[in-house]
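Novice: Test case, fold it:
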Amino acid sequence: MEKPGRTGKEGRAKDAGAALSRRLFLLRLTILVAFSIGLAMSPGLWIGPRSYPEVPVWSLLPPIEGTVAAALYGALFVLAGIAAIVPRARWPVAGFLAVIVAFCLADQTRWQPWVFQYSFLLAVVGLARGRRVASADDLQTLNMARLVIAFTYVFSGLQKANLNFMENEFSWIITPITSLLPSMATPLDALGFLVPFVQVAFGLGLLTRRFRRASLAAAVGMHIFILAMFGPLGLNWNDIVWPWTAAMALFDVLLFSGRDDFTWRDIVWNVRDLRHGAAMALFVVLPALSFFNLWDSYLSSALYSGNLTEAQIYLSDLGAASTPDGVRRYLVHTSENTNVLNLQRWAIADLNVTPYAETRVFKTIAGDLCHALGDRNQLVLVVKEQRLFFSRPEIGFRCSQL
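Specialist: Modelled structure (predicted):
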C-alpha cells in the first residue's frame with residue numbers, strides 16, 4: 001500500500017513535467033512559425049531576383065541560385081512544418097538549420113538579427129534530447145533561452161546609450177505620435193534619454209524573482225509600442241521586424257511568466273553544459289566587443305540603436321548612366337553631377353531587409369558595382385562607423401581601394 005500523500009506529490013511532479021514539456025513545445029512552435037513568416041516575407045533575400053549583390057563569407061564559395069536556391073528555400077518550409085508537428089523533431093530541425101547555415105555562408109546580408117536569434121534558439125530548443133518525461137536538461141534548455149532573451153534586451157539597451165539614438169533615432173521612431181500631437185514632442189523626446197537605461201533594467205529584472213513580473217510587463221509593453229510605431233498605422237516601415245517583435249513578446253510570456261522558480265544563477269551559471277557556454281559567448285561576451293568595433297553590430301542587438309555603420313554610394317552622372325538598370329532606379333539625383341545610392345533603401349526595396357551594417361560588406365557591394373562602370377573613377381563609397389566607443393569619422397573609398 002502506498003504511503004498517504006505520495007500520490008499527491010507524484011501527481012504534482014507529473015503536472016510540473018507536463019507543463020514544462022508543453023512550454024518547450026510552444027517555444028519551438030513559436031520560433032518555427034516566426035522564422036517561416038520572416039522567410040516568406042523576404043524571398044528576394046533567399047532566392048531572388050535581386051539587384052543587391054550577395055556577399056559570401058569566402059569569395060570562392062559557389063553562389064546558391066536558380067533551381068538549387070528555390071529547392072532549398074522550399075525545403076525550409078517543409079522541414080519547419082515537420083518540426084512543428086512531430087513530438088521529437090531533432091532531425092528536421094537539424095536539416096532546417098543546415099540549410100540556413102548554407103544560405104548564410106553564401107551571403108552575409110542574410111545574417112539578419114532575427115535570423116541569428118531564431119537560429120540559436122531553435123538549435124537550443126529543437127536539438128535538445130527528445131525525452132517523453134521532462135528532465136533537468138529541459139529546465140536547462142529553458143534557462144538558456146531565457147539567457148538569450150534577457151541579454152538581448154540588456155545589450156539592446158546598452159547599444160542605445162548614445163546621443164544619436166537619444167536625439168535622432170528615437171525622435172524618428174515616435175513620429176506617428178508627435179505628428180498627431182505636436183505638443184507631446186518635447187516630453188517624448190526627453191523620454192528617449194531614459195529608454196536605454198529602462199531597457200537594460202528590465203532585461204536584468206527578468207533574471208530576478210523580485211522584479212520579474214514588472215519587467216515582463218515592461219518588455220511586452222515595449223513590443224506593443226514598437227509594433228504601433230513601425231506598423232501599418234505608424235511609420236509602416238521595415239515590415240520584416242513586425243513578426244519578430246510579436247515573437248519576442250511571446251517568448252517573454254513563455255519564458256518568464258508562470259510559477260517557475262528560477263534565479264539568475266540558474267540562467268547565467270552552468271559550467272557543465274557546452275550549449276550554455278555557447279550562449280554566454282554569443283549573447284553576453286562577444287556583444288560587448290561590438291562597442292569597440294571588434295564584433296558585428298547585428299550580432300549584438302544594435303538594430304535601430306543609432307549605433308551602426310552607415311554607408312552611401314556617390315556616383316557622377318556618367319557613372320550613374322553606366323549602372324545596371326536594376327540599380328539605377330534606386331539612385332537619387334541630389335545636385336549637379338551627383339547621384340546618391342542609399343544602401344538601406346536599396347536593400348529594403350530589393351530584399352525587404354536592412355543592409356548588414358559592416359564596412360567589409362559595404363566595400364564588397366560597392367566593389368561589385370565598380371565592375372559594372374565604364375570609368376571606375378566615377379564612384380565613391382562613404383562609410384561612417386558609429387560605436388559606443390571608438391566611433392570613426394566618415395571614410396571615403398574609391399573603386400581602386402575596394
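
Novice: any low-confidence regions in the stretch 201-350 of the chain?
Specialist: 271 (pLDDT under 70).

Novice: need the helices for it, in chain order.
Specialist: 212-230, 241-256, 264-268, 274-280, 286-289, 317-321, 325-328, 343-351 (DSSP state H, counting those that start in this stretch).

Novice: show me where this protein has strands.
Specialist: 309-315, 331-335, 338-342, 379-385, 392-398 (DSSP state E).

Novice: strand partners of the third one, parallel vs antiparallel please.
Specialist: Yep, that's strand 338-342 we're talking about. strand 309-315 (antiparallel), strand 331-335 (antiparallel) (DSSP bridges).

Novice: Look up how far L369 lies from the residue nearest to V268 when sequence neighbours are not counted.
Specialist: Among residues not flanking V268 along the chain, L147 sits closest, at 6.7 Å (Cβ to Cβ, 6 or more residues apart in numbering). To be clear about C-beta, it is placed using only N, CA and C from the backbone, and glycine gets the same treatment. With distances taken as Cβ to Cβ, to the nearest Å, L147 is found 41 Å from L369.

Novice: Pick out the residue closest to the middle of the protein.
Specialist: P113 (1.7 Å; Cα atoms, centre = their mean).

Novice: thinking that residue is in contact with S301, fair?
Specialist: Yes: under the criterion of Cβ atoms under 8 Å, P113 makes contact with S301 at 7.1 Å.

Novice: how about stretch 205-221: buried residues?
Specialist: 205-207, 212, 215-216, 218-220 (16 or more other Cβ atoms under 10 Å).

Novice: want to throw the strands paired with strand 338-342 into a markdown table with distance to L158?
Specialist: Below are these laid out as a markdown table (distance: least, Cβ to Cβ, whole Å):
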| stretch | distance to L158 |
| --- | --- |
| strand 309-315 | 17 |
| strand 331-335 | 34 |
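
Novice: Could you say which of those is packed most deeply?
Specialist: strand 309-315 (a mean of 22; mean count of other Cβ atoms under 10 Å).

Novice: Let me know the angle separating that strand from strand 379-385.
Specialist: Angle of strand 309-315 versus strand 379-385, following axes from the mean of the first three to the mean of the last three Cα atoms, to 10 degrees, is 160 degrees.

Novice: contact partners of strand 309-315?
Specialist: With contact meaning Cβ atoms under 8 Å, 6 or more residues apart in numbering, strand 309-315 is reached by 297, 323, 331, 338-344, 355, 357-359, 362, 366, 369, 378-386.

Novice: which among these end up buried?
Specialist: Buried among those by 16+ other Cβ under 10 Å: 297, 323, 331, 339-343, 355, 357-359, 362, 366, 369, 378-383, 385-386.

Novice: Can I get the strands of the chain in a markdown table including distance to V285?
Specialist: Formatted as a markdown table, the strands of the chain follow (distance: least, Cβ to Cβ, whole Å):
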| stretch | distance to V285 |
| --- | --- |
| strand 309-315 | 21 |
| strand 331-335 | 41 |
| strand 338-342 | 34 |
| strand 379-385 | 21 |
| strand 392-398 | 23 |
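
Novice: So which of the ones you listed is nearest A19?
Specialist: Of all those, strand 309-315 sits nearest to A19, with 44.2 Å by Cβ to Cβ.

Novice: quick one: that closest one to strand 392-398, angle?
Specialist: 30 degrees.

Novice: residues contacting the residue lying closest to G157 once chain neighbours are set aside?
Specialist: Spatial nearest neighbour of G157, excluding adjacent residues (Cβ to Cβ, 6+ apart): Q199 at 3.2 Å. Contacts for Q199 (Cβ under 8 Å, 6+ apart) come out as 153-154, 156-157, 160, 222.

Novice: Next: F262.
Specialist: F262 neighbours (Cβ under 8 Å, 6+ apart): 139, 143, 146.

Novice: Among these, which ones are in helices?
Specialist: Judged by DSSP state H, those include 139, 143, 146 as members of helices.

Novice: And the residues you listed, which is closest to Q401?
Specialist: R146 (45.2 Å).

Novice: Neighbours of the nearest residue to A218 once chain neighbours are set aside, how many?
Specialist: Distances taken as Cβ to Cβ, 6+ apart put F202 closest to A218, at 4.2 Å, once the chain neighbours are dropped. By other Cβ atoms under 10 Å, the residues close to F202 number 23.
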